[in-house]
Every structure is written in C-alpha cells, then in structure tokens.
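Q: coordinates only, sequence not included:
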C-alpha cells in the first residue's frame, strides 16, 4: 500500500513537468514555455492566438529542431562561414532588441508630437502650392518651336502635351502635374513656377536634368496644412527614428574606438 502511495505521489509530482513538454525531437524536448514565447512573438506582430496558430507553431518548431539537429549532426555548425552568419544574426537580434528597449523606455510623448507639428507647420506658413502643367522634350529648339505654337494658339497646351511630352505619365493628362508646393520639383523647375502668376505660361522653355520644360501655372493657393491627428502616425515614426539615430550616435561617441 505504501508503495502504491509513493508511486502516486511520484506521478503527481512528475505530471507538471511532462505537461510542460509539447513535443520531443530525437529525445530533445520542446517546452510549453518555448512555444508560448514563439506564439507571443507572432501575436505582437499581428497574429491572433488560437488553437490553429499554436498547432502551426508546434509543427514549425518540430520542423526547425529536426533540421537543426541534422545540420549539427553534419557538423555544419562548426564551419567558419556558418559561425560567422550565426554571429551576425545574433548581433542583428541584439541591436533590434536594444533599440526596442530604448524606445520602450523613452517613448515619443504627445508634447514631442505637438512641438514637432508646430515647428513644421510654422515652416510652411505663407508658402504656396501650385497646379502646374508641363511638356517635357529633349531638344531646346523643339521646345521653343512648340512653345511658339502654343502661344500663337495653333495648338492647345493639353493636346501638345499628349502628343509631344516624353513625360508620358503627365502627358496623357494634358501635362497636368496636379497640386504641389514648388519644393516638390527640381530647383530650375521650381524657380520658374514661383515666378509665374495664375494662368500664366513661361516665356521660355526651362532646362533641367530631364530635358526642356514648357511650363504653365493653372492656379495657386496657400498651402493647406493637415491637422495633427491626420499626420500623427507619420510624425511619431519620424521622431522615433530621430531618437534612435541620436541614441546610436551617443553609443558611438561613448565607445572606446581605436
């Protein structure tokens, strides 16, 4: 009777240990804890925890362990190039972990976002955006001849753009580039646009790295700055990247590099 009692006690104590093992591969255990951590990582990346996901994770862990064991049995883990790859992967994981830990401890605050938003908004105040058309051709004389035809009304701008512009994207839209601030364009183009009034055609073709442009400003208006809530995700990501860049610079500055 005492032997049965002792056996029952042994089984009771061992049950939790066995319960923590979800599978074994060639005698090596995959623990419940390891699987839970794998699942948690996937959930952080957007997956939904479910019995189906856990079964997929279990199978993936079994497959990986079997293949890794085969690689180790073949001695591949001892090869110099493989060891170098493993070390580089380890370094990459540690770098990502350090950056994530830093952002967790130093998050972008609402005050940071508001300050950055107001700074950028202040820089845009008073600026104009323009509704521009252009025709792009390779040759200066061809640009001059085409401009003369548009000015004399022998051909209208939209038709000339569709027929002659090597910028086929805007050309098919009659040369229309839509609304944009002048800073969107290359400097030569931007300077020409800023000098033109609403409805005005540039007096001469403008050369850029792309060729010769015939430019017309259809309309102009003050830049409309988006509300903070509309750009908050982009601002937050920009500030996170800035924080990380500054943190990395500090690490390098403090390091003893010879």
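A: Ah, there it is. Computed from a predicted model, the values in this text were never measured in an experiment.
Q: How about residues contacting the longest strand anywhere in the chain?
A: Longest strand in the chain by number of residues (criterion: DSSP state E): strand 211-222. Residues outside strand 211-222 that contact it (Cβ atoms under 8 Å, 6 or more residues apart in numbering): 126-140, 142-143, 146-147, 150, 157, 160, 166, 175-176, 179, 189, 192-193, 196-202, 205-207. (C-beta placed from N, C-alpha, C; glycine too.)
Q: For ChimeraX, what selects the buried ones among those?
A: Here is the ChimeraX command that selects the buried residues among the contacts of strand 211-222 (16 or more other Cβ atoms under 10 Å):
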select :129,130,131,132,133,134,135,136,137,143,146,147,150,157,160,175,176,179,189,192,193,196,202,205,206
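Q: Out of the contacts of strand 211-222, name the ones that lie in helices.
A: 140, 142, 143, 146, 147, 150, 157, 160, 189, 192, 193 (DSSP state H).
Q: which residues in the stretch 51-200 of the chain form strands?
A: With DSSP state E, counting those that start in this stretch as the criterion, the stretch 51-200 of the chain has strands at 128-137, 176-181.
Q: nearest to residue 49, of those?
A: With Cβ to Cβ as the criterion, residue 49 lies closest to strand 176-181 of the strands of the stretch 51-200 of the chain, at 44.9 Å.
Q: strands paired with that closest one, and their directions?
A: Strand pairing for strand 176-181, determined by DSSP bridges: strand 128-137 (antiparallel).
Q: and the protein, what are its domains?
A: Under automatic domain parsing, the residue ranges defining each domain of the chain are 19-77, 79-125+225-258, 127-222.
Q: Looking at the longest strand of the chain now, give me its mean pLDDT.
A: For strand 211-222, mean pLDDT is 96.
Q: And that strand, what's buried?
A: For strand 211-222, by 16+ other Cβ under 10 Å, it's 211, 212, 213, 214, 215, 216, 217, 218, 220.
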